[in-house]
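S.K.: no sequence on hand, only this structure:
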């Protein structure tokens, strides 16, 4: 916790890996490592290779946490958010492309990420139907993926909660 609080992610990762060796069935440890890799994948100035490696490690650790605890809201939500945010990153890069064919290739990639995010965010919503972040993410995804009925349903729920 001290390493995490002082932004010493690599030291925290090392300590967490030791903790996982001692307690390999603790989903919280895998979630925390996944969350760290998630943060590292978003760091400014890192190479695409490092970003991709950190993304894959975050995905792997979140999946392990979910395997150990299938109802673990935080891990399920974060995995959905990981895919969602990666889709947004690809979308923002694609938005700069002027060649239509190149843009269409990137569009496939960001829509793929958003489609991967959906089941995790939907599962998170099933677990906690009133989590505002989950609902807003779902509403945005449904809008971007032209899922009009789902968009309306979630939008109505958000209005109810507001």
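M.R.: That came in fine, so what should we check first? Every value quoted in this text rests on a predicted model; they were computed, and no experiment measured them. Residues are numbered from 1 along each chain as shown.
S.K.: could you list the low-confidence segments of the protein?
M.R.: Counting by pLDDT under 70, the chain has low-confidence residues at 1.
S.K.: can you give me the helices in it?
M.R.: 2-5, 9-22, 27-41, 48-68, 73-94, 100-127, 132-144, 148-161 (DSSP state H).
S.K.: hmm, residue 142 is touching residue 158, no?
M.R.: No - applying Cβ atoms under 8 Å, one finds residue 142 not in contact with residue 158, separated by 11.4 Å. Heads up, the C-betas are built off the backbone N, CA and C, glycines and all.
S.K.: okay, the two: which has more neighbours?
M.R.: Applying other Cβ atoms under 10 Å to residue 142 and residue 158 shows that residue 142 carries more neighbours, namely 21 against 14.
S.K.: tell me the contacts of the nearest residue to the more buried one once chain neighbours are set aside?
M.R.: With sequence-adjacent residues excluded and distances taken as Cβ to Cβ, 6 or more residues apart in numbering, residue 142 is closest to residue 151, at 3.8 Å. Counting by Cβ atoms under 8 Å, 6 or more residues apart in numbering, residue 151 touches 139, 142-143.
S.K.: now do the contacts for residue 93.
M.R.: Residue 93 neighbours (Cβ under 8 Å, 6+ apart): residue 106.
S.K.: swap in residue 133?
M.R.: Going by Cβ under 8 Å, 6+ apart, residue 133 touches residue 77.
S.K.: residues touching stretch 122-131, excluding its own?
M.R.: Contacts for stretch 122-131 (Cβ under 8 Å, 6+ apart): 71, 73, 76-77, 80, 134-135, 138, 157, 161.
S.K.: ok, now with 10 Å
M.R.: 66, 70-81, 121, 133-135, 137-138, 141, 150, 154, 157, 160-161 (Cβ atoms under 10 Å, 6 or more residues apart in numbering).
S.K.: dump the contacts of residue 151 to a markdown table, plus distance to residue 87.
M.R.: Below are the contacts of residue 151 laid out as a markdown table (distance: Cβ to Cβ, whole Å):
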| residue | distance to residue 87 |
| --- | --- |
| 139 | 15 |
| 142 | 13 |
| 143 | 13 |
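S.K.: quick one: which of those is nearest residue 59?
M.R.: Set against residue 59, the nearest of the contacts of residue 151 by Cβ to Cβ is residue 142 (22.5 Å).
S.K.: thanks a lot, see you next time.
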